[in-house]
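>>> coords please:
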Amino acid sequence: MKIVLPTLTLALTLMLSTMSLQTDAAVITAETQTLVKQRLSKLGLTVVDIKDAEVEGLISVFTDRGLFYFSNNGQYMIHGKVYDIKTDITNVTELALSDYRINGVKAFSDSMIVFPAKNEKHVVSVFVDSSCGYCRKLHNEMAEYNDLGITVQYLAFPRSGTQGPTMKQLQAVWCSADQQQAIEDVMNGEKLNASKIKSCAAPLAEQYALGMQVGVTGTPAIVLADGSMIPGYQPPAQLLAALEAKKK
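Numbers count the residues shown, from 1 in each chain. Okay, here's the model as predicted:
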């Protein structure tokens, strides 16, 4: 039986006056990696990657349910955020996840549904669920986003998981000859007859898995070019303001 991880998030603020940033990469032994994988497996989590953390004595463990920190001997686990506060407050955890999001989105560059802006200024990647009201609201304002120079590219994130009815609808969308029209239809409440659409190898389960790994908990979830993520719907003008602020 899987142990359910507590939902409490432990905010870990590390004072750099007492804990120094790592200067030399620590050796993550095979023994530690095996130990971490075994312990997370007992919690129902699968390890995707293990790296040195920014803080001495810790390692970063990317799992199918997000980022965790372990002591470098694998004995202690931390579920929370690490901040560098030496000169300014920097969310080290979010920076690590941002890098992961950038690389993850790039891996799906050929399998996203894209609504390009004619005069493109920004590109955002949006995890969507066709049964999500705010995803539909965002989609219905697509022309406004595009007119503001924002290209929108969709990744699938069925909130009910990869075995539910929403996944079947999204699979039908991605396998349709005209993907843009298909997603237009489902976002307007129409049901696609999946049995009449030829199946394809669209990597929607993998897109969903990426969302789970990088902190998507609801839809829409908007990933910006720098890997930062805005959870929830953003009106076109508000999203543009956030994107422009990133340039400053």
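>>> just list the residues touching residue 209, thanks.
residue 64 (Cβ atoms under 8 Å, 6 or more residues apart in numbering). Using the backbone N, CA and C atoms, a C-beta is placed for each residue, glycine as well.
>>> residue 155 against residue 206, yeah?
No - look at residue 155 against residue 206 with Cβ atoms under 8 Å: they stay out of range, at 9.7 Å.
>>> between the two, who's got more neighbours?
Neighbour comparison, residue 155 and residue 206: the larger count goes to residue 155, with 25 against 16 (by other Cβ atoms under 10 Å).
>>> shared neighbours of residue 155 and residue 206, anything?
residue 108.
>>> who's in contact with the nearest residue to residue 129 once chain neighbours are set aside?
The shortest distance from residue 129 to any non-neighbouring residue, by Cβ to Cβ, 6 or more residues apart in numbering, is to residue 219 (4.4 Å). Shown in contact with residue 219 (Cβ under 8 Å, 6+ apart): 127-129, 132, 134-135, 157, 159.
>>> quick one: buried residues of stretch 188-195?
For stretch 188-195, burial by neighbour count (16 or more other Cβ atoms under 10 Å) applies to 192, 194.
>>> three-state assignment of the nearest residue to residue 77 once chain neighbours are set aside?
Once flanking residues are discounted, residue 77 sits nearest to residue 70: 5.4 Å by Cβ to Cβ, 6+ apart. At residue 70 the chain is in strand, as set by DSSP: H, G, I helix; E, B strand; the rest coil.
>>> so how far is residue 182 from residue 70?
Separation of residue 70 from residue 182 (Cβ to Cβ, to the nearest Å): 43 Å.
>>> name the residues of the helix or strand harbouring residue 207 that come out as buried.
Using DSSP states H and E, residue 207 falls within helix 204-213. For helix 204-213, a neighbour-count test (16+ other Cβ under 10 Å) marks 204, 206-213 as buried.
>>> now those in a markdown table, with pLDDT?
Output for the buried residues of helix 204-213, formatted as a markdown table (pLDDT from 0 to 100):
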| residue | pLDDT |
| --- | --- |
| 204 | 96 |
| 206 | 97 |
| 207 | 97 |
| 208 | 97 |
| 209 | 96 |
| 210 | 96 |
| 211 | 96 |
| 212 | 95 |
| 213 | 94 |
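>>> just those now: which is nearest residue 48?
Distance to residue 48 across the buried residues of helix 204-213 (Cβ to Cβ) is lowest for residue 213, with 6.1 Å.
>>> tell me the mean pLDDT over the helix ranked longest in the chain?
Ranked by residue count, the top helix of the chain under DSSP state H comes out as helix 92-107. Average pLDDT, helix 92-107: 94.
>>> buried ones in it?
Within helix 92-107, the residues that qualify as buried by neighbour count (16+ other Cβ under 10 Å) are 92-98, 100-102, 104-105.
>>> what's in contact with that helix?
Helix 92-107 is contacted from outside by 53-55, 60, 62, 67, 80-84, 125, 155, 210, 213-215, 223, 225-229, using Cβ under 8 Å, 6+ apart.
>>> which among those end up buried?
53-55, 60, 62, 67, 81-84, 125, 155, 210, 213-215, 223, 227-229.
>>> in strands only, show me these.
Taking DSSP state E, the ones among the buried ones among the contacts of helix 92-107 that sit in strands are 60, 62, 67, 81-84, 125, 155, 223, 229.
>>> okay if I get these as TSV plus pLDDT?
Formatted as TSV, those follow (pLDDT from 0 to 100):
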residue	pLDDT
60	95
62	95
67	95
81	91
82	92
83	93
84	92
125	98
155	98
223	98
229	96
